[in-house]
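S.K.: Using only what follows, build the 3D model:
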Amino acid sequence: MNTAEVAEVLRNTLQTDAATRKEAERQLARVQSHIGYGMALLELLSSPQVPAEIRVVAAVVLKNFVKTNWGENPEVEVGDVEQDQLRTALLAAMFANTGNLQKQLSHAVFLMAKKDFPERWPELINGLASQMNTANADLERLLAALNTMDQLLEKYRYESKSESLWRELKMCLLAVQAPLTTLYEWLVGFVDNLAQLSAEQANSLFELLNCVMRVFHSLCTQDLPEFFEDNLSRWVAGMAKLFTIEAPSVQSAGGEATPLDKVKTEMCEIVTLYAQRYEEEIMPHMQGLIGAIWQLLVNTNSETRYDGMVCSALDFLSAICVRSQYKDMFKADGVLKTLAEDVAVKNLMLRQEDLEQFEDEPLEYIKKDLEGTDSGTRRKGAVDLVRALCREYEGDLMPILSAVVSSFIADASDQFWRKRDVVYCLVRAMASKTETSRQGATSTSQLVKWLGRWNMRTPLVPVMPLGKSKNVCFPVAFKVLFGCTDTTVFRLLNHVPPPSKINIVDYYSSNVRGDLCAADVNSFPILKADALKFVVLFRNQLPPEAHQEALVAIENLFTSQHTIVHKYAAYAVERLLLVRVNNTPIFTAASVNVASLLARLIAAFDADPKAQNSAYLIKALMRVVCIIDASTARQAGEIATRLAAMVDAAVKNPADPSHTHFLFETICLLVKKTSGHVEGGIDRPLFPLLETILAQDVADLVPYALQPCCSVKLRTY
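M.R.: Numbers count the residues shown, from 1 in each chain. Prediction:
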């Protein structure tokens, strides 16, 4: 194939003129079936005489060519001889290039290996492992080999055990385990002379170490290899050094984790794996590792670049604190206090970045807060740690956490709401022993009952009881309303009942109701979100009257100027309408003002142009339609018109898949529930759009469009 012609076509794909670009893309699609196309791309990207931008385009096009033609259903059949040539040439080109070109080629090698390794490409792993020779190491080639190996071996972390998988894993271990361990020790040796390295050299060092750690992690996940078991002390010694190292010269942009941060994150995950799966082997090293990770958490500040590392470290402590063999470590003097105050509480505090995300990226904030993510958040990690500690050390931990709660409740500064937010997190973590998404809290913990009586909305003052040396915080309102003296206050405090099981209802009445039912729906939106989460979590512990009160308050929250509050309110509506007592729903058409709630939900859609990017509002709307009453059903035409507008928007601009799913579920439900109540049905605003979907063959929406069609058809019979 003529490489000059291919180069010209690639150049045209970069033109500003749209017609020229499209024609060039069509030409590429035509020539990719020609024999030698892949080799021509490799020749172009490897030639120093070719302009840099053309070389990059050639690498990207080659990667995409491999992606589409090395799968189950290739667009172009590449002959066996050409495949062999491409595999050999591609691996050589990856080692010969650097930077972005190398990254593109590394991914192309991985895509080939997904299909061809090990049956058709058994020499690949040895070829990659041969680059780990520390005697004459080429750092660029080494990084390329490790990056490719990381992608290739990562599947061992999640694939199910099988005979073929273990044969493949054994082949990889025999090739990699010894040179990887030697390389690891060689790289760790440079840490002692970190000050003598330039910023670029230090950055490269930790990038290599991160790749090494990731490969090690992947090789150890299925089972503990004998070689790594025998040489575990070598790996732990390096980890102990790396956990304590600081590298000010290694920086990142935009709050992203540095390579050193990623190394520490990976080490935390590895130690967690060993603590959970290979306890006997790691036990002699655990005391030092626990201390190192604990200090890492205590000394790490709140910068976003550390979030992944902190989450992994918190997960480690949550995993091991419930294991009996480590109890003595956690019961040592001051350990629980440090973990509670300097680790858990510190990571529960809202940062400026969190508040900015709450305001500017509400969907991203609520997704992390309610749904969780693969990477997790500091706050979720801290809550999980508190909950895990409470399971095993409740008696020792409760006084410590109670003192924190008391101190935060007493705060009267302008930023009091930040500490109130932490109190909400702590109480949820302490009170809920186990929970599920479907049921909320399924069991509660033993807490001091005064947690249910403090009124967090009342400012507190320190009172010095007569004859005592310590201050006691007490509501100012109590003294004002009842005219109590300090002595009387002290005597009343002395008659507080002994600790007992927390009264969730009292806590709701004293603390949550104030935030939930406040007349100003725009004040302290963070606390309103906290109150809504509390009601949802403890929905099976609260009595029906509390649910009724909460639903009225939630309806008012849909008038807030903060659209994120609408999402939290919708989330609460969707969960509360499912609550049953003795298998009987609490909420029915008789107990809910369905028309008003539907109107508020639809208004919330109108208030947020991005409402279709999440499913919270539409799921709540669906739940309300489930209990629609006859009077509201007769006005269902207005609801159908609004739903039709949402479908129209989804046709023009793809919406969140979950939103789309529940939108059509709501339409089907509305058709069913309003049958017989609306003369002529509610088909008129809906069917033109459904016909458009079917006529235009909108692939993502056709299956959904058939549902309401079938519902109406069945209704007519």
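S.K.: Wasn't Gln541 part of a strand?
M.R.: No. Under the criterion used here (DSSP: H, G, I helix; E, B strand; the rest coil), Gln541 is coil, not part of a strand.
S.K.: list the contacts for it?
M.R.: Contacts for Gln541 were tallied using Cβ atoms under 8 Å, 6 or more residues apart in numbering; they are Ala441, Thr444, Ile504, Val505. To be clear about C-beta, it is placed using only N, CA and C from the backbone, and glycine gets the same treatment.
S.K.: Export these as JSON lines, with columns for neighbour count, secondary structure and distance to Glu279.
M.R.: Formatted as JSON lines, the contacts of Gln541 follow (neighbours: other Cβ atoms under 10 Å; DSSP: H, G, I helix; E, B strand; the rest coil; distance: Cβ to Cβ, whole Å):
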{"residue": "Ala441", "neighbour count": "21", "secondary structure": "strand", "distance to Glu279": "30"}
{"residue": "Thr444", "neighbour count": "18", "secondary structure": "strand", "distance to Glu279": "30"}
{"residue": "Ile504", "neighbour count": "25", "secondary structure": "helix", "distance to Glu279": "37"}
{"residue": "Val505", "neighbour count": "15", "secondary structure": "helix", "distance to Glu279": "42"}
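S.K.: And the residues you listed, which is the shakiest by pLDDT?
M.R.: Across the contacts of Gln541, the bottom pLDDT score, 80, is held by Thr444.
S.K.: ok, and the closest non-adjacent residue to it?
M.R.: Nearest residue to Thr444 in three dimensions, chain neighbours excluded: Ala431, at 5.2 Å (Cβ to Cβ, 6 or more residues apart in numbering).
S.K.: Likewise for Arg379?
M.R.: Leu348 (5.6 Å).
S.K.: Would you mind giving the secondary structure of Phe664?
M.R.: Classification of Phe664 using three-state DSSP returns helix.
S.K.: Please identify the buried residues of the strand or helix carrying Glu207?
M.R.: Secondary structure from DSSP states H and E places Glu207 in helix 199-221. For helix 199-221, a neighbour-count test (16 or more other Cβ atoms under 10 Å) marks 202-221 as buried.
S.K.: I'd like the next helix or strand past that helix.
M.R.: Once helix 199-221 ends, the next helix or strand along the chain (criterion: DSSP H and E) is helix 226-230.
S.K.: by contact count, what packs against the helix or strand that comes right after that following helix?
M.R.: Downstream of helix 226-230, the next assigned helix or strand under DSSP H and E is helix 232-244. Secondary-structure packing of helix 232-244 (3 or more Cβ pairs under 8 Å, 6 or more residues apart in numbering; DSSP states H and E): helix 163-189, helix 259-277, helix 279-282, helix 286-299.
S.K.: Buried ones in the top helix by length along the chain, by neighbour count?
M.R.: Longest helix in the chain, counting residues (DSSP state H): helix 378-409. Neighbour-count burial for helix 378-409 flags 378-390, 392-393, 397-398, 400-402, 404-406, 408-409 (criterion: 16+ other Cβ under 10 Å).
S.K.: Kindly report the same for stretch 220-239.
M.R.: Quick answer for stretch 220-239 (16+ other Cβ under 10 Å): 220-222, 224-225, 227-228, 231-232, 235-236, 238-239.
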